[in-house]
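Engineer: sequence unknown, structure follows:
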């Protein structure tokens, strides 16, 4: 099964329909497993969704900002899966726009997806918060966003050294 899952992680970098299902189906065939790819896919996606977490400080930040600002989510992944994660954490009520790579046909770090975000949420200033430098912060900067890097590294306009420090970022943004 390792080969099939490896194939999934390799293909997940591509934009394609049903990558998890394809990987499980391929693994079933490769190892002659007695599994139902559809049920296994549903179980895998359910586990992925339920294992995600949103730090309370991030949710509080989004809630506070949504009162006076437009909020968007820009994420790589499969549309239905990413939407389930957003719904799992009840973030949709605070978000004005969700852009998911696979349905859009372009993935981060491609500058095009950041430009799409600016088009869909026009504003005088755009701020992007991310947790990977190469896929989030670097391309967001190139697209003209101010950035918040949640990582502990100081390579961004604003830094939350730990997710617990996101409240401090809110204070800095309001200055």
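Structural biologist: Happy to help now that I have it. As the structure is a computational prediction, the values presented were derived from the model and not from experiment.
Engineer: find the least confident helix or strand in this structure, judged by mean pLDDT.
Structural biologist: Ranked by mean pLDDT, DSSP states H and E, the weakest helix or strand in the chain is helix 2-11, scoring a mean of 45.
Engineer: give the buried residues for the helix or strand following it.
Structural biologist: The first helix or strand that comes after helix 2-11 along the chain, using DSSP states H and E, is helix 19-31. For helix 19-31, the neighbour count (16 or more other Cβ atoms under 10 Å) marks 19-28 as buried. No exception for glycine: its C-beta is placed from N, CA and C like everyone else's.
Engineer: now for the residues you listed: which two are most distant?
Structural biologist: Spatially, the most separated pair among these is 19 and 28, at 14.9 Å (Cβ to Cβ).
Engineer: which residues sit against the strand or helix carrying residue 48?
Structural biologist: Residue 48 belongs to helix 37-51 when assigned by DSSP H and E. Contact with helix 37-51 is made by 18, 20-21, 24-25, 28, 81, 84-85, 88, as judged by Cβ atoms under 8 Å, 6 or more residues apart in numbering.
Engineer: once you drop chain neighbours, what's closest to the most centrally placed residue in the chain?
Structural biologist: By Cα atoms, centre = their mean, the chain has its centre lying nearest to residue 75, at 3.1 Å. Nearest non-adjacent residue to residue 75, counting by Cβ to Cβ, 6 or more residues apart in numbering: residue 82, 5.2 Å away.
Engineer: now the strand or helix carrying that neighbour, how far from the chain's geometric center?
Structural biologist: Per DSSP H and E, residue 82 falls inside helix 79-88. From the chain centre to the centre of helix 79-88 is a distance of 10 Å (Cα atoms, centre = their mean, to the nearest Å).
Engineer: list of residues touching it?
Structural biologist: Contacts of helix 79-88 (Cβ under 8 Å, 6+ apart): 20, 45, 48-50, 52, 73, 75, 92, 95, 98, 100, 102-103.
Engineer: which member of the residues you listed is positioned nearest residue 14?
Structural biologist: Once Cβ to Cβ is applied, the member of the contacts of helix 79-88 that ends up nearest residue 14 is residue 102, at 9.1 Å.
Engineer: if anything else comes up later, I'll come back, but that's it for now.
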